[in-house]
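Colleague: here are the coordinates; sequence isn't available:
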């Protein structure tokens, strides 16, 4: 803030810098002590080019008709055909329209920006982690989910509402956290020279301005919030969702968003903090986010999901006690494990098979809270970029839930309002190299200027699982948003009844990763397989689960290619017809078929049920494996009843499994620890063709089935989870079964 103040005082930033560019402001700040997270900060010089994306009119993108995804009514739609991005240039003291980019999705926006972005290196270079030529930075609203998920929102943003503001960065200051030194960079040598002169000497000591106290309102009462939590828990019982992150917003007047940001840097420093302001749009974001959505150096992508929270203690001893309790708490670990599996799945979309791994597992402590954080990395496929990686992981799994598509629809149903930029992202990207870094906009204030006065809102929430207690979740959301509300002036500091502790990172050993084979197979979609006439792949039927591609990755690790058939999208409903399905299978000649997991019941997945019936009738000449919902589909096709588990849902919990040593379990350890993600179970209610060969230790719930003569096997557990250390052996055992084709 001191450096920014110096630049503003010399007419190099803000409203007094019009000779160099616009008054818009962009700052990316790594707050707190220097670490592998908090390395460098950046203050952008006055931007001269920006991109603005707004919500289309209802005639172009109508709202979805009322329905209830939480009750199983999930309506999938192809993403809108166009995402219009308006490129503007700063001329003669105003922003002027330059060109309209007609993009197909978020990744395509960045791809098309290549023609608007110089590849010439900065004339004045810097030695830090930001690009060395012109790059783009700015904010993406959560509501861009309309172009990253196959959904149409029931409660979309208002027509013309901001969905993104991005600025081209051609000059600025980089600050190194470890050395506490700064360097000017850019192509405007006049601005760079004056910036160097302005920053000579010690920066002035700035006093943190106190906020004026104002009243706040809230979008959801505690009672409404609790009702939403209980509705989610009922949806989990019914098998529609595993975990849903829902929240609410506090609103009120503020002095100025830049002053709020100044207070946040002092009271709530975080490694992915940011401030952006579009002066003419009366729009600003002040974020003290601790969470990274995605970083990419052009080859390696990383994501660092946060899930699992406890407060700081009043003493160091209490802090350590709370931290230790969180680390061993089954609910917190299951919730975190679920998110790690989800983000592994998302990275598989653009990663080379076999390169995804958990690099480290930490507890990160901030001013008032402590979090469980995993750091996951992968190597990009040659045809993928940082832009396509962002398209795959946006919006972040930690602020949506599992399974991703279903929970995004449920969030829309329950919150009944646009999230706007809360749980979206701020970051930067080099559109040529793909180098990028994006945060998740939690701990964020969104401000709008009305005349000369500013109003703002702050969102907060939490991930709801079957183990969540409504009252505690409401309390947790309140204290997650408390630091922002104090900085805004809506709460007095003495009302923030939370201990404050020191920032720290405690490293915990990550789980052991299996050895990666030298040669791996490829994962591709059905259209690619048909176009390139792939024959003999493993056919994987994806039922819209957030872990599906983890199974495909495990198969690819054996050297086999995988064709992914999206089983629940409208255009593939034609394969329910037996003649069309068998024609497809004759073209593909799969060596094996895997019926994947997914939300809801088997009856929600008509294609999977059709394949299950054909398999049990002996009409398929290759081995069949059902996983979770796929297991339930085979059981139901065999005449078994699938019901809500009498002992309640279990999600993300490693469980001892007893087995007979038959089928896929031949030669496996006993009991075998495998992770459950299920609310429904198949029951033993008569004579059936499929025989039970695995059950949960203690409860006797069915966890595995096999056919005595046909190569049909099924698993209620998830062998691909990070919580199933030997689970891949079951996948290997299935793939060793020879096809009859």
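Modeller: Nice, thanks for sending it over. For clarity, every value in this text was computed on a predicted model and none was experimentally measured.
Colleague: just the helices in the stretch 451-600 of the chain please.
Modeller: For the stretch 451-600 of the chain, the helices defined by DSSP state H, counting those that start in this stretch occupy 470-488, 526-531, 548-556, 578-588.
Colleague: and the helix or strand harbouring residue 250, what does it pack against?
Modeller: Assigned by DSSP states H and E, residue 250 belongs to strand 243-254. Here strand 243-254 is seen to pack against strand 216-218, helix 222-237, helix 330-348, strand 401-402, helix 404-415, strand 453-464, helix 470-488 when contacts are counted using 3 or more CB pairs under 8 Å, 6 or more residues apart in numbering; DSSP states H and E. C-beta coordinates here come from the backbone N, C-alpha and C atoms, glycine included.
Colleague: that strand: what's the following helix or strand?
Modeller: Per DSSP H and E, strand 243-254 leads on to helix 257-267 as the next helix or strand towards the C-terminus.
Colleague: name the residues that touch that following helix?
Modeller: 1, 25, 27, 29, 31, 206, 208-209, 211, 254, 273, 275, 277, 284-286, 288, 367, 443, 445, 447, 454, 456, 483-484, 486-488 (CB atoms under 8 Å, 6 or more residues apart in numbering).
Colleague: among the residues you listed, which ones are in strands?
Modeller: Applying DSSP state E to the contacts of helix 257-267, the entries found in strands are 25, 27, 29, 254, 273, 275, 277, 284-286, 288, 445, 447, 454, 456.
Colleague: and for the one helix or strand residue 112 maps to, what are the contacting residues?
Modeller: Assigned by DSSP H and E, residue 112 belongs to helix 106-112. Helix 106-112 is contacted from outside by 51, 53, 83, 85, 101, 103, 136, 140, 144, 147-148, 164, 385, 387-388, 390-391, 394, 429, 431, using CB under 8 Å, 6+ apart.
Colleague: show me the residues you listed that map onto helices.
Modeller: Taking DSSP state H, the ones among the contacts of helix 106-112 that sit in helices are 387, 388, 390, 391.
Colleague: for these, give me JSON lines that also has neighbour count, distance to residue 680 and pLDDT.
Modeller: Converted to JSON lines, these look like this (neighbours: other CB atoms under 10 Å; distance: CB to CB, whole Å; pLDDT from 0 to 100):
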{"residue": "387", "neighbour count": "24", "distance to residue 680": "38", "pLDDT": "96"}
{"residue": "388", "neighbour count": "22", "distance to residue 680": "34", "pLDDT": "96"}
{"residue": "390", "neighbour count": "25", "distance to residue 680": "34", "pLDDT": "97"}
{"residue": "391", "neighbour count": "21", "distance to residue 680": "32", "pLDDT": "96"}
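Colleague: for residue 268, state which of those residues is nearest.
Modeller: residue 390 (26.0 Å; CB to CB).
Colleague: which residues touch the closest one?
Modeller: Taking CB under 8 Å, 6+ apart as the test, what residue 390 contacts is 106, 107, 110, 293, 294, 429, 436, 438.
Colleague: rerun at 7 Å
Modeller: Residue 390 makes contacts with 106, 107, 294, 436, 438, as judged by CB atoms under 7 Å, 6 or more residues apart in numbering.
Colleague: skipping its backbone neighbours, what lies nearest the first one in space?
Modeller: If you skip the residues right next to it in sequence, residue 106 has residue 391 as its closest partner in space, 5.0 Å away by CB to CB, 6 or more residues apart in numbering.
Colleague: shouldn't that neighbour be in contact with residue 103?
Modeller: No: with contact defined as CB atoms under 7 Å, residue 391 does not reach residue 103; the gap is 10.7 Å.
Colleague: element containing residue 88?
Modeller: Using DSSP H and E, residue 88 maps to strand 83-91.
Colleague: list the buried ones in that strand?
Modeller: 83, 84, 85, 87, 88, 89, 90 (16 or more other CB atoms under 10 Å).
Colleague: figure out which of the helices and strands packed on strand 243-254 is closest to residue 66.
Modeller: Short answer: helix 404-415, nearest of the helices and strands packed on strand 243-254 by CB to CB, at 9.1 Å.
Colleague: what about the strands in the stretch 501-650 of the chain?
Modeller: Per DSSP state E, counting those that start in this stretch, the stretch 501-650 of the chain carries strands over the ranges 504-508, 523-525, 538-542, 562-566, 592-595, 624-627, 642-644, 650-659.
Colleague: residues of the last one that come out buried?
Modeller: By that I understand strand 650-659. Under 16+ other CB under 10 Å, the buried positions of strand 650-659 are 650, 651, 652, 653, 654, 655, 657, 658, 659.
Colleague: residue 667: which of the residues you listed is nearest?
Modeller: Residue 667 has its nearest neighbour among the buried residues of strand 650-659 in residue 659, at 10.7 Å by CB to CB.
Colleague: ok, the closest one to residue 179 distance?
Modeller: According to CB to CB, to the nearest Å, residue 659 and residue 179 sit 57 Å apart.
Colleague: ok so, going back, turn the buried residues of strand 83-91 into TSV, including distance to residue 355 and pLDDT.
Modeller: Shown next, in TSV, are those (distance: CB to CB, whole Å; pLDDT from 0 to 100):
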residue	distance to residue 355	pLDDT
83	30	94
84	35	96
85	32	97
87	35	98
88	39	98
89	40	98
90	42	97
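Colleague: sounds good, over and out.
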